[in-house]
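> need the 3D shape of this:
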Amino acid sequence: MIVNEELMSKLRRYFNLNLYEVRIWTALLSRGVSTAGELSNIGHVPRSRAYDVLESLEKKGFVVMKLGKPIKYIAVEPGEVVERVKKLIQQDADTNIQKLRDLNNTDVLKELENLHKQGIEYIDATDLSGAIRGKHNLYTQLESMVKNAEKSVTIVTTSKGFLRKVEALKPVFQKLNKKGVNVRIAAPLTKEAGNLLKDLKNVAEVRDSGKLNARFCVVDGKDLLFMLMHDDEVHPTYDVGVWVNTPFFAGALENMFDLAWKDFEPAHKKLKEQ
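Residues are numbered from 1 along each chain as shown. Coordinates of the predicted model:
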């Protein structure tokens, strides 16, 4: 059975296999049961590597070694392989997550934090900035900024952005509320925002920004993340933002926002009118 290069490339990505593993596996699938030598010839894999590759595939649950001589291998049903791979990935992920959790209770993290603090002292203010691409990365940076807030969080966003941010950051806002952090959110509010506003009651103050089109977040008057395009006009993959740590500019922007905030209509009044 001849498998085209495109399919082999996809299989390598989906199942995290190397080239020889994919060749031997697909060769065995085409035969059902076969010897290492036969699979070596069909899959164009050096005979000296075939046994190592089959042993690797056996450990991963792709093949089963048949009892008897000569030694033969049986292909596991592809659907079952998918389930086995999913289970292994989940187990690996759980193990790695636990390792990182355990790291919090060691001196390693403290040493890393000390190194970072020492390094920050020598960084020029202009170096504390960066361009961030992709909506996923933008939200990761946004969450990182917001959860470390000590005094205030100011968010200006779009109608769609408001819905996304509340869903993504609601647990963070609740924790900030317990810390006494003042959270303000301004966005053009629609009827869709009604149910989400209930989740923010006593957690964040929300006002309708009317026709204001902007996307930025200021944390503690010093950390600023602003997006360069309207989210209606850009694909999530190509969304771009700029993060800067600059008390001067961030503070100035927040002061200008304070003036506009006074004129924004409280959320509950806006939704009653609708």
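> show me where pLDDT drops low in the protein?
For the chain, the stretches flagged by pLDDT under 70 are 1-2, 116-129, 268-274.
> what about the strands in it?
Along the chain, counting by DSSP state E, strands occupy 33-35, 63-66, 72-75, 129-133, 152-156, 182-187, 205-208, 216-219, 223-227, 240-245, 265-266.
> give the buried residues for the third one.
Think strand 72-75. With burial defined by 16 or more other C-beta atoms under 10 Å, the residues of strand 72-75 counted as buried are 72-73, 75. Using the backbone N, CA and C atoms, a C-beta is placed for each residue, glycine as well.
> neighbours around the closest residue in space to W25 that isn't next to it in sequence, how many?
Residue nearest to W25 in three dimensions, not counting chain neighbours: F62, with 5.5 Å by C-beta to C-beta, 6 or more residues apart in numbering. Look at F62: counted by other C-beta atoms under 10 Å, it has 24 neighbours.
> same check on R23?
R23 has 22 neighbours, counted by other C-beta under 10 Å.
> what sits against it?
Residues counted as contacts of R23 (C-beta atoms under 8 Å, 6 or more residues apart in numbering) are 3, 8, 43-45.
> repeat that with 10 Å
Neighbouring residues of R23 by C-beta atoms under 10 Å, 6 or more residues apart in numbering: 3, 8, 11, 17, 39-40, 42-45, 50, 53.
> among the residues you listed, which ones are buried?
Buried subset of the contacts of R23 (neighbour count, 16+ other C-beta under 10 Å): 3, 8, 11, 17, 39-40, 42-43, 45, 50, 53.
> mind putting those residues into CSV with distance to L88?
Shown next, in CSV, are the buried ones among the contacts of R23 (distance: C-beta to C-beta, whole Å):
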residue, distance to L88
V3, 23
M8, 21
L11, 16
L17, 12
L39, 23
S40, 26
I42, 26
G43, 23
V45, 23
A50, 23
V53, 18
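> center of this structure - which residue?
In the chain, the residue lying closest to the centroid (C-alpha atoms, centre = their mean) is H136, at 5.6 Å.
> could you chop this structure up by domain?
5-78, 123-273 (automatic domain parsing).
> if we can go back for a sec, excluding sequence neighbours, find me the nearest residue to the residue nearest to the centre of the chain.
Spatially, and ignoring its direct neighbours in sequence, H136 is nearest to P236 (7.6 Å; C-beta to C-beta, 6+ apart).
> count the neighbours of that neighbour for me.
11.
> quick check, it in contact with K135.
Yes: between P236 and K135 there is a contact under C-beta atoms under 10 Å: 3.9 Å.
> quick one: contacts for Q91?
By C-beta under 10 Å, 6+ apart, no residues touch Q91.
> once you drop chain neighbours, what's closest to K147?
K147's closest residue in space is V172 (C-beta to C-beta, 6+ apart), at 4.9 Å.
> surely the one you found meets K178?
No: applying C-beta under 10 Å as the test, V172 and K178 come out as separate, 11.1 Å apart.
> which residues do these two both contact?
V203.
> same drill for these two, tell me which one is more crowded.
V172 (21 against 8).
> contacting residues around that one?
The neighbours of V172, taking C-beta under 10 Å, 6+ apart as the test, are 142-144, 146-149, 153, 165, 181, 183, 203.
> name the nearest of the residues you listed relative to G130.
Lowest distance from G130 to these (C-beta to C-beta) belongs to S144, with 12.1 Å.
> picking up where we left off before, distance to A193 added to the strands of the chain, as JSON lines?
Shown next, in JSON lines, are the strands of the chain (distance: least, C-beta to C-beta, whole Å):
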{"stretch": "strand 33-35", "distance to A193": "61"}
{"stretch": "strand 63-66", "distance to A193": "54"}
{"stretch": "strand 72-75", "distance to A193": "53"}
{"stretch": "strand 129-133", "distance to A193": "26"}
{"stretch": "strand 152-156", "distance to A193": "14"}
{"stretch": "strand 182-187", "distance to A193": "8"}
{"stretch": "strand 205-208", "distance to A193": "8"}
{"stretch": "strand 216-219", "distance to A193": "18"}
{"stretch": "strand 223-227", "distance to A193": "19"}
{"stretch": "strand 240-245", "distance to A193": "22"}
{"stretch": "strand 265-266", "distance to A193": "13"}
